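J.: This is the structure alone, sequence omitted:
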């Protein structure tokens, strides 16, 4: 009953177009995925391969947007408009609702903690809660390394 | 230590793949495209008033969970689905079911999933994978996105099962409780096609189905004027990211659906479905062309390389093609 699609041999890694990506140190995982495709003769095929170029472009755009938002937040922290909490929230791509869910605080409280004034009044136990959400120490939360980048751009591979 | 004889097979999309692989464990061979078609997985919706990752929500398929529920029901397979409020309890029950020799499907969040390709680690809470064994604190996982089966620790597994945010999984787990030895695919396939055809052409609501595609196309023409180059390109990118969503082959599940129609033609012995499957493939190629040309607008900020009118034209064309296909499919008997 199960139909056998001809599995096409995947391209080797060296043949991948790597023009824009290497300059940006933008690395995708080596995992190959399964795709379905179609040729004009009317045959459907399964194909196991890396991302093709269009896909890499839009994935990159998504991460660029994340990094840009992190950059904007960084500036606002330096200007004293936002608290370090905002940096970690943006860096882990959370929004107020998600952070509220993870930390257990209400959205109103989280918004308050995002301001430098609200953040400075946080009790040690609440700082601990936030640190746990982001997998960091309280020390790191209080004095963040604002130049740290989201993991995709740091070139970390799995 | 328990390790079930579960065959890991990579799949285009997690939910179809998990369902097909679970059935395979009980010696019922139903391919991934068939599951997708029977589960009436193909859809389109564009919801500009809902924002996800700072852009309008666009989806090329039905709500997560529906494919599993529908396809198993249609095939007469009995299932058990549970959610939990207590993480520890959810893990205990998972252990118990595993020890009985049943592979268990889990809904998880991808953000904290250690083995997941980093480029996909968003707060996406509707990913599916199967646990097929365990050894003390290590669980054996079959994730259809990956080439090989992997392992995960107790702590990490608990964390991803209770990921937070939109569509939180709440430890959702599911497994098959009784599987018939023989299934009659014909009525299931016909019902699946009828349902998809209705979803695409029959729902009297302007933001879903073929109407939804046209609506998005009209909106797309205004993006640049309304939001400026940068935001328009980001919105376009978001549509493409949903269209490219892991393993769809860059055409928003249209290739899988075409493969389904191709297979359905053989099962039902209706040759006209073969022709429709070719039309579907041509449409899918058109979608892919849209994604290929559209992605160039996402490359650099500033002036787009392709005009939004031109791209919207391709989308409009896709809508017309799909309307023709599903109007024909509604007549299936």
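T.: On my side now, so go ahead. Quantities reported herein were computed from a predicted structural model and do not represent experimental measurements.
J.: so what are the domain limits for chain A?
T.: As given by automatic domain parsing, the domain ranges for chain A are A:9-56, A:66-142.
J.: Could you dump those into CSV with distance to chain B, mean pLDDT and mean neighbour count added?
T.: Heads up, the C-betas are built off the backbone N, CA and C, glycines and all. Converted to CSV, these look like this (distance: least, C-beta to the nearest C-beta, whole Å; pLDDT from 0 to 100; neighbours: other C-beta atoms under 10 Å in any protein chain shown):
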stretch, distance to chain B, mean pLDDT, mean neighbour count
domain A:9-56, 4, 65, 16
domain A:66-142, 4, 92, 17
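J.: Just put those in a markdown table and tack on distance to residue B:67.
T.: Shown next, in a markdown table, are the domains of chain A (distance: least, C-beta to C-beta, whole Å):
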| stretch | distance to residue B:67 |
| --- | --- |
| domain A:9-56 | 15 |
| domain A:66-142 | 26 |
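J.: Scan chain B for its longest helix.
T.: Assignment by DSSP state H gives helix B:209-244 as the longest helix of chain B.
J.: Tell me which helix or strand comes right after it.
T.: Moving toward the C-terminus from helix B:209-244, the next helix or strand (DSSP states H and E) is helix B:254-268.
J.: what's the angle from that following helix to helix B:209-244?
T.: Orientation check (axes from the mean of the first three to the mean of the last three C-alpha atoms, to 10 degrees): helix B:254-268 against helix B:209-244 gives 110 degrees.
J.: is chain A contacted by helix B:254-268?
T.: Yes. Judged by C-beta under 8 Å from any C-beta of the partner chain, helix B:254-268 comes into contact with chain A through B:255-256, B:258-259, B:262-263, B:266-267.
J.: residue boundaries of the helices in chain A?
T.: Secondary structure of chain A (DSSP H): helices located at A:19-23, A:53-78, A:84-91, A:96-103, A:107-113, A:116-120, A:124-134, A:138-142.
J.: If you count contacts, what does the last one end up packed against?
T.: Same thing as helix A:138-142. Packing contacts for helix A:138-142, counted by 3 or more C-beta pairs under 8 Å, 6 or more residues apart in numbering or on different chains; DSSP states H and E, involve helix A:84-91, helix A:124-134.
J.: Make sure I have this right: residue B:206 is in a strand.
T.: No. Counting by DSSP: H, G, I helix; E, B strand; the rest coil, residue B:206 falls outside a strand, being coil.
J.: What score does it have for pLDDT?
T.: pLDDT recorded at residue B:206 is 92.
J.: can you tell me which residues contact it?
T.: When contacts are counted by C-beta atoms under 8 Å, 6 or more residues apart in numbering or on different chains, residue B:206 is found next to B:212, B:215.
J.: ok, how many other residues are close to the closest residue to residue B:49 other than its chain neighbours?
T.: Nearest non-adjacent residue to residue B:49, counting by C-beta to C-beta, 6 or more residues apart in numbering or on different chains: residue B:56, 7.9 Å away. Counted with other C-beta atoms under 10 Å in any protein chain shown, residues neighbouring residue B:56 total 17.
J.: just residue B:306 next, same as before
T.: That count, for residue B:306 with other C-beta under 10 Å as the rule, works out to 16.
J.: so what's the residue nearest to it when sequence neighbours are not counted up against?
T.: Excluding the flanking residues, the one nearest residue B:306 by C-beta to C-beta, 6+ apart is residue B:293, at 5.0 Å. Neighbouring residues of residue B:293 by C-beta under 8 Å, 6+ apart: B:306, B:310-311, B:314.
J.: Flag every buried residue along the helix or strand hosting residue B:293.
T.: Using DSSP H and E, residue B:293 maps to helix B:272-297. Counting neighbours by 16 or more other C-beta atoms under 10 Å in any protein chain shown, one finds that the buried residues in helix B:272-297 are B:273, B:276-292, B:294-297.
J.: And stretch B:224-242, by the same measure?
T.: Neighbour-count burial for stretch B:224-242, counted by 16+ other C-beta under 10 Å, picks out B:224, B:229, B:232-242.
J.: just these that are near chain A?
T.: By C-beta under 8 Å from any C-beta, the members of the buried residues of stretch B:224-242 lying near chain A are B:233-234, B:237-238, B:240-241.
J.: Would you mind naming what in the stretch 51-200 of chain B lies close to chain A?
T.: Counting by C-beta under 8 Å from any C-beta, the residues of the stretch 51-200 of chain B close to chain A are B:53-54, B:111, B:115, B:117-119, B:121-123, B:144-147, B:164-166, B:168, B:185.
J.: elements contacting the longest strand along chain B?
T.: In chain B, ranked by residue count with DSSP state E as the criterion, the top strand is strand B:42-52. Applying 3+ C-beta pairs under 8 Å, 6+ apart, one finds that strand B:42-52 makes contact with strand B:55-61, helix B:185-201, helix B:209-244.
J.: Quick one: mean pLDDT for the shortest one?
T.: If I follow you right, that is strand B:55-61. Averaged across strand B:55-61, pLDDT comes to 88.
J.: Residue B:114: neighbour count?
T.: By other C-beta under 10 Å, 14 other residues sit near residue B:114.
J.: Identify the spatial nearest neighbour of it, chain neighbours not counted.
T.: Nearest residue to residue B:114, sequence neighbours excluded (C-beta to C-beta, 6+ apart): residue B:156, at 5.6 Å.
J.: The one you found sits in which helix or strand?
T.: Per DSSP H and E, residue B:156 falls inside helix B:154-161.
J.: who's in contact with residue B:161?
T.: Contacts of residue B:161 (C-beta under 8 Å, 6+ apart): B:87, B:90, B:106-108, B:169, B:171-173.
J.: at 10 Å what do you get?
T.: With contact set as C-beta atoms under 10 Å, 6 or more residues apart in numbering or on different chains, residue B:161 has these partners: B:83-84, B:87, B:90-91, B:94, B:106-109, B:168-173.
J.: cool, and residue B:139?
T.: Contacts of residue B:139 by C-beta under 10 Å, 6+ apart are B:91, B:94-95, B:98, B:104, B:106, B:131-133, B:150-154, B:156-157.
J.: tell me which element it falls in.
T.: strand B:138-142.
J.: Let's have the ones next to chain A among the buried residues of stretch B:224-242 in JSON lines, adding pLDDT.
T.: Output for these, formatted as JSON lines (pLDDT from 0 to 100):
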{"residue": "B:233", "pLDDT": "87"}
{"residue": "B:234", "pLDDT": "88"}
{"residue": "B:237", "pLDDT": "86"}
{"residue": "B:238", "pLDDT": "86"}
{"residue": "B:240", "pLDDT": "87"}
{"residue": "B:241", "pLDDT": "84"}
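J.: Fine, thanks again, bye for now.
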